[in-house]
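Student: next input, structure requested:
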Amino acid sequence: MLNNVIKNLKKILKKEFLTYNLFIFEISINIYKYQKSYL
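Tutor: Residues are numbered from 1 along each chain as shown. Below is the predicted model of the structure:
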């Protein structure tokens, strides 16, 4: 029972972490494009 809860928590955390990384990645790309076009 508790084992399943922990497994699910890990899955959720992993998913959140990936989403967060993608978010940061997109922001980085946007900043890069912005700088490139205004230099």
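Student: and the pLDDT at residue 35?
Tutor: At residue 35 the predicted local distance difference test score is 89.
Student: change the start of the numbering to 55 and stick with it
Tutor: Will do, 55 is the new start, and the previous item becomes residue 89.
Student: look at it and say how many residues are nearby.
Tutor: The burial count assigned to residue 89 is 9, neighbours taken as other CB atoms under 10 Å. Where you see a C-beta, it was placed from the backbone N, CA and C, and this is true even at glycine.
Student: what does residue 80 give?
Tutor: 10.
Student: element containing it, please.
Tutor: Here residue 80, judged by DSSP states H and E, is contained in helix 56-91.
Student: could you say what helices and strands that helix packs with?
Tutor: Contacting helix 56-91 under the criterion 3 or more CB pairs under 8 Å, 6 or more residues apart in numbering; DSSP states H and E is no other helix or strand.
Student: in that helix, what counts as buried?
Tutor: Of the residues in helix 56-91, none count as buried by neighbour count, 16 or more other CB atoms under 10 Å.
Student: run the chain-centre distance for it.
Tutor: Averaging C-alpha positions (CA atoms, centre = their mean, to the nearest Å) puts helix 56-91 1 Å from its chain's average.
Student: what's the answer for stretch 84-93, then?
Tutor: Counting by CA atoms, centre = their mean, stretch 84-93 is centred 22 Å from the centre of its parent chain.
Student: CA atoms of stretch 71-83 as CSV?
Tutor: Backbone C-alpha positions of stretch 71-83 (Å, rounded to 0.1, in the frame of the first residue of the first chain) are rendered in CSV as follows:
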residue,chain,number,x,y,z
PHE,A,71,10.5,18.0,-13.0
LEU,A,72,10.5,17.3,-16.8
THR,A,73,7.8,19.9,-17.3
TYR,A,74,9.8,22.4,-15.3
ASN,A,75,12.9,21.7,-17.3
LEU,A,76,11.0,22.2,-20.6
PHE,A,77,9.7,25.5,-19.3
ILE,A,78,13.2,26.7,-18.5
PHE,A,79,14.4,25.5,-21.8
GLU,A,80,11.8,27.4,-23.7
ILE,A,81,12.5,30.6,-21.7
SER,A,82,16.2,30.2,-22.5
ILE,A,83,15.5,29.8,-26.2
